[in-house]
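> below is the sequence, then the predicted model.
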Amino acid sequence: MNMTALNTIAKEATVTSKGLMTGMDSTARLVPSDKKGIRFHLGDKTVEAHVDNVVSTEHCTVIGNQDIKVMLIEHFMAACAICHIEAIDVYLSHFEMPILGGGSAEWVEIFKEAGNRAQESYILSEPVSYFNGKTHIVVMPSDEFKVTYSVNFNHPELNHRWVSLDKDKLNEIIEARTFGYLKELEMLQAAGYARGVSIENTVGLTEDGYTTELKSDFEPAKHKILDLIGDFYLTGFNPMDLKAEVIVKEAGHAVHVKVAKILKDKIQKEN
Ligand SMILES: [Zn+2]
């Protein structure tokens, strides 16, 4: 294999499922590319996955421009980061990515045939921090990419709970499903969100437990790490190859994206 070739998928793949937000069927055709970047296409319109193209972070990460918008790209982006996909075209039938199983497992399964490896590592020119009330994010230079994410939900198991990225158990992050309070579901659906939520793709938080059996302990907190990886890949630099430690307290897409905007100018190739 040519070492300078871009990492892309091995061959074209097509998947269909509902969109989590709109509940509409969405088909994504993934096409290998030799042009760097992750691009989403709808009809003849295109938007590139980049933090400068984020147009909304309400409930999910949305990118767009004057022509199109594409919702809920974060789990796909996380899979691209984890599998080192750096060049791909995504042709969509609908403006929301298919939710599949609610995490990144199905995307990773498609990408694993690519046999991709990290080709570069990145360092930070200086630490980055963001503080706003209860929300903190600190990104410090480190010998490898590490994340510790703490959540504080109104739930007996997720109250001041923290989880760390464990590269030996990366699968627990990849398969961690999206989640939400069961008591808010009806309200969200009335507002036009969460229309594709099912018992399979979403962990519902109840007063004292969950609507579904968890895939691993504290699955919702692990999902926050997945979201962070996906959002940080919008910097244009793969966070999995970034020699930095990220410590997060009670954040979400809006803050991930704010920090990604600061980070993108402070990341450089090593050497
Ligand atoms: Zn998510």
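Alright, I've got the coordinates.

> for the nearest residue to Gln189 once chain neighbours are set aside, grab phi and psi.
Leaving aside its sequence neighbours, Gln189 sits nearest to Arg195 (CB to CB, 6 or more residues apart in numbering; 5.9 Å). Where you see a C-beta, it was placed from the backbone N, CA and C, and this is true even at glycine. Per-residue torsions, Arg195: phi -70, psi -20 (degrees, to the nearest 10).

> do Thr61 as well
Main-chain dihedrals, Thr61, degrees, to the nearest 10: phi -90, psi 130.

> for the helix or strand encompassing Gln268, name the packing helices and strands.
Applying DSSP states H and E as the criterion places Gln268 in strand 267-269. For strand 267-269, the packing partners by 3 or more CB pairs under 8 Å, 6 or more residues apart in numbering; DSSP states H and E come out as strand 122-124.

> any buried residues in the strand it packs on, and which?
In terms of neighbour count (16 or more other CB atoms under 10 Å), strand 122-124 has its buried residues at 122, 124.

> in the helix or strand that comes right after that strand, what counts as buried?
Per DSSP H and E, strand 122-124 leads on to strand 128-132 as the next helix or strand towards the C-terminus. Neighbour counts over strand 128-132 (16+ other CB under 10 Å) mark 128, 130 as buried.

> what packs against the helix or strand that comes right after strand 128-132?
Note on strand 128-132: by DSSP H and E, the next helix or strand toward the C-terminus is strand 135-141. Packing partners of strand 135-141 (3+ CB pairs under 8 Å, 6+ apart): strand 122-124, strand 128-132, strand 244-249, helix 253-263.

> take those and write them to TSV, including distance to the ion and mean pLDDT.
Output for those, formatted as TSV (distance: least, CB to the ion, whole Å; pLDDT from 0 to 100):
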stretch	distance to the ion	mean pLDDT
strand 122-124	24	97
strand 128-132	19	97
strand 244-249	14	98
helix 253-263	8	98
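
> so where is the stretch 51-200 of the chain shaky, pLDDT-wise?
Along the stretch 51-200 of the chain, the parts satisfying pLDDT under 70 run over 115.

> helices of that one, start to end?
Using DSSP state H, counting those that start in this stretch, the helices of the stretch 51-200 of the chain run over 74-82, 105-111, 170-174, 182-190.

> who touches stretch 142-154?
The contact list for stretch 142-154 (CB atoms under 8 Å, 6 or more residues apart in numbering) reads 134, 158-165, 181, 205, 220-221, 224-225, 228-229, 239-251.

> next one: stretch 262-271
Stretch 262-271 has contacts (CB under 8 Å, 6+ apart) with 51, 120-126, 128, 130, 139, 232, 235-237, 242-243.

> please save the CA atoms from that stretch in CSV.
Taking Å, rounded to 0.1, in the frame of the first residue of the first chain, the C-alpha atoms of stretch 262-271 are listed here in CSV:
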residue,chain,number,x,y,z
ILE,A,262,-10.5,27.0,19.4
LEU,A,263,-8.5,23.7,19.0
LYS,A,264,-8.3,23.7,15.2
ASP,A,265,-5.8,26.6,15.3
LYS,A,266,-3.7,25.0,18.0
ILE,A,267,-3.2,21.6,16.5
GLN,A,268,-0.1,20.9,14.4
LYS,A,269,1.5,17.8,12.9
GLU,A,270,4.2,16.3,15.1
ASN,A,271,7.7,17.0,13.7
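
> buried residues of that stretch, list them for me.
263-264, 266-267.

> please identify which pair of those residues lies farthest apart.
Checked with CB to CB, the buried residues of stretch 262-271 reach their widest spread between Lys264 and Lys266, with 7.5 Å between them.

> hang on, the earlier thing: got a ChimeraX select line for the buried ones in the contacts of stretch 262-271?
Of the contacts of stretch 262-271, the buried ones go into a single ChimeraX selection, burial set by 16+ other CB under 10 Å:
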select :51,121,122,124,128,130,139,232,235,236,237,242,243
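
> sounds good, over and out.
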